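In: After the sequence you'll find the predicted model.
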Amino acid sequence: MSLLTALARILIFPGLLFAIPVAWFILWLERKSIAVLQQRIGPPFGQPFFDFVKLLGKSTPPRIGLEGELMRAWPLLAVSASAGAVGLLPVLPFRAGFQGDLILLLALMEIPAICMIVAGFTSRSLFGEIGSAREAVLLVSYNLVFLLAATSIAVSQGTFRLEALASAPPTPWRYLGLLAILLCLPAKLHVNPFSLPNAEQEIYAGPMTEYAGFELALWQLSHGLEWVAGVGLVATLAIPPTAFAWLTLAAALGLGLVLVLLLSLVAAATARLAIDTTVRFYWQCTVVFAVLAISSALLMRQWL
Amino acid sequence: MKLWNRLLCACRRRSPWVFHMNSGSCNGCDIELIAALTPRYDAEQLGVLLQGSPRHADILCVTGPVTHTAANAVHTVYEQVCGPKAVIAIGSCPASTNVFIDSRVLVGPLDKHVPVDVFVPGCPPRPDAIVRGIAAAANLLAERGGAESPKTPPVEVQAETESQEAEVHS
């Protein structure tokens, strides 16, 4: 991948220029569908955009020294990492990927969560620290399943290159792995029933408690981009390649929309789980899918 | 720059995030404030979100007559809300200390401590009056532009009267 293609992918398509409006649309769709399920009218179209611009115009509390610099750096790092993750999505057969870009994508998808943990501890707020500790436990619990499932997808087709994965016809084992990834997405995106790190009202706003103004706007943007990256990864790998690139792209966008609605439905229908129940859910129940996916993928490889 | 300011003001009107602060209220107004955010009244149509942290909020909704114990908390929370900000006094207690007037445990009313922008009188006020109060405060934020300090005199917001409601429904 040349420098120019890499920049185009991060900044234009499927990166920032395309992904930011999509992120705002997803955040709106999530709030709107929850509102409709609760028999409300819900926020007007473009509400996340209004929130973003308003937050840009607000002042931030005075912060001095290294702590202040770090507090400003974490949301920036989170936004750039999630933008990089979105830029790696294999949405068009550009021949722009490289061997092992799935590993880079998985690493970039972890960085916003890690930034959130350190941001909570840097803020020195009691609620921030509680939220960060919860986020760390959540990260450990779902990542076992998430990484096993992603590895199983790669192993089943013998490549860590996203483009090769997206252009190969999916095997049944890949769908098993994608199902396990889908089960991890609510925890990764902090929607109910796994909203315990930022548990609104319960621990104020978790790691975000001390953030205001444009820094909070950046956190929201990073959250939206995480949605695009997570949903986009599942959608692009689940859709089998067709003769026309635009048809594949349209099918992936459609599936992404369905996934957002599905996650919102789960969020509206459930209440927040306690931390021990969450860990048990991932380490006892969901891990079965992941282990099944990776063991069958390995066995299939032996036979082929 | 002018265009940016206009966009910013439009967005301030459309995205009022509120923080709820109880300064010794009897819980009557708190129940009505929560009712204003429930599906029956659905304040989210106006972009209203109840925030957990005062740092995230634009509008501080204060209930209660400001007791000795709560006065410091009112000052702290007011300082924690980042500008531009507005304060709504919900109910008759923060406006006039209501039936608790001359009580030894009170240091109210609220406007002795922080500048109040919108008064929503009532004991307790109706949820639709509270929603109107939040909308009025969001309008104030948009009209003020970049100015931090309140230049406009406080507004008083009442619930719709029955004749007004009949007009809307007809």
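Out: Looks like it came in fine. These numbers were taken from a predicted model, which means no experiment stands behind them.

In: Okay, strands next: where are they in chain B?
Out: Taking DSSP state E to define them, one finds strands in chain B at B:17-22, B:49-50, B:59-63, B:86-90, B:118-120, B:155-156.

In: Which of these has the lowest mean pLDDT?
Out: When mean pLDDT is averaged over each of these, strand B:155-156 scores lowest at a mean of 80.

In: how far out from the middle of the chain is that strand?
Out: Chain-centre distance of strand B:155-156: 11 Å, with C-alpha atoms, centre = their mean, to the nearest Å.

In: again with stretch A:65-73
Out: With C-alpha atoms, centre = their mean, you get 25 Å for stretch A:65-73.

In: average model confidence for it?
Out: The pLDDT scores in stretch A:65-73 average 90.

In: residues making contact with that stretch?
Out: A:Pro62, A:Arg63, A:Val118, A:Ala119, A:Thr122, A:Ser123, A:Arg124, A:Glu210, A:Tyr211, A:Glu215 (C-beta atoms under 8 Å, 6 or more residues apart in numbering or on different chains). For glycine as for every other residue, the C-beta is placed from the backbone atoms N, C-alpha and C.

In: Skipping adjacent residues, who's closest to the fourth one in space?
Out: Nearest-residue entry for A:Ala119: A:Trp74, 4.1 Å, with adjacent residues in sequence omitted and distances by C-beta to C-beta, 6 or more residues apart in numbering or on different chains.

In: The one you found contacts A:Ile114, doesn't it?
Out: No. Assessed by C-beta atoms under 8 Å, A:Trp74 is found out of contact with A:Ile114, at 9.3 Å.

In: Can you pull the residues that touch both of those two?
Out: Shared contacts of A:Trp74 and A:Ile114, defined by C-beta under 8 Å, 6+ apart, are absent.

In: higher neighbour count, the two?
Out: A:Trp74 (25 against 16; other C-beta atoms under 10 Å in any protein chain shown).

In: Report the separation between that one and A:Phe214.
Out: From A:Trp74 over to A:Phe214 the distance is 13 Å, taken as C-beta to C-beta, to the nearest Å.

In: buried ones in stretch B:114-132?
Out: B:114, B:116-122, B:124-132 (16 or more other C-beta atoms under 10 Å in any protein chain shown).

In: got the end-to-end distance for that stretch?
Out: One end of stretch B:114-132 sits 21 Å from the other (C-alpha to C-alpha, to the nearest Å).

In: Now do it: distance to the chain's middle.
Out: Counting by C-alpha atoms, centre = their mean, stretch B:114-132 comes out at 6 Å from the chain centroid.

In: Stretch B:63-77 now?
Out: Its chain's average C-alpha position is 15 Å from that of stretch B:63-77, according to C-alpha atoms, centre = their mean.

In: check whether that stretch contacts chain A.
Out: No. With C-beta under 8 Å from any C-beta of the partner chain as the criterion, chain A is not reached by stretch B:63-77; the gap is at least 11.6 Å.

In: What lies in contact with that stretch?
Out: By C-beta under 8 Å, 6+ apart, stretch B:63-77 touches B:19-26, B:29-30, B:33, B:54, B:60, B:62, B:90-91, B:93-94, B:97-98, B:100, B:103, B:105-110, B:112-114.

In: Can you give me the buried ones in it?
Out: Within stretch B:63-77, the residues scored as buried using 16+ other C-beta under 10 Å are B:Thr63, B:Gly64, B:Pro65, B:Val66, B:Thr67, B:Ala70, B:Ala71, B:Val74, B:Val77.

In: for stretch A:207-214, same thing?
Out: A:Pro207, A:Met208, A:Thr209, A:Glu210, A:Tyr211, A:Ala212, A:Gly213, A:Phe214.

In: Throw those residues into JSON lines and include secondary structure, pLDDT and distance to chain B, thanks.
Out: As requested, the buried residues of stretch A:207-214 are exported to JSON lines (DSSP: H, G, I helix; E, B strand; the rest coil; pLDDT from 0 to 100; distance: C-beta to the nearest C-beta, whole Å):
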{"residue": "A:Pro207", "secondary structure": "helix", "pLDDT": "91", "distance to chain B": "11"}
{"residue": "A:Met208", "secondary structure": "helix", "pLDDT": "91", "distance to chain B": "7"}
{"residue": "A:Thr209", "secondary structure": "coil", "pLDDT": "90", "distance to chain B": "5"}
{"residue": "A:Glu210", "secondary structure": "coil", "pLDDT": "91", "distance to chain B": "6"}
{"residue": "A:Tyr211", "secondary structure": "coil", "pLDDT": "92", "distance to chain B": "6"}
{"residue": "A:Ala212", "secondary structure": "coil", "pLDDT": "91", "distance to chain B": "4"}
{"residue": "A:Gly213", "secondary structure": "helix", "pLDDT": "88", "distance to chain B": "6"}
{"residue": "A:Phe214", "secondary structure": "helix", "pLDDT": "91", "distance to chain B": "11"}
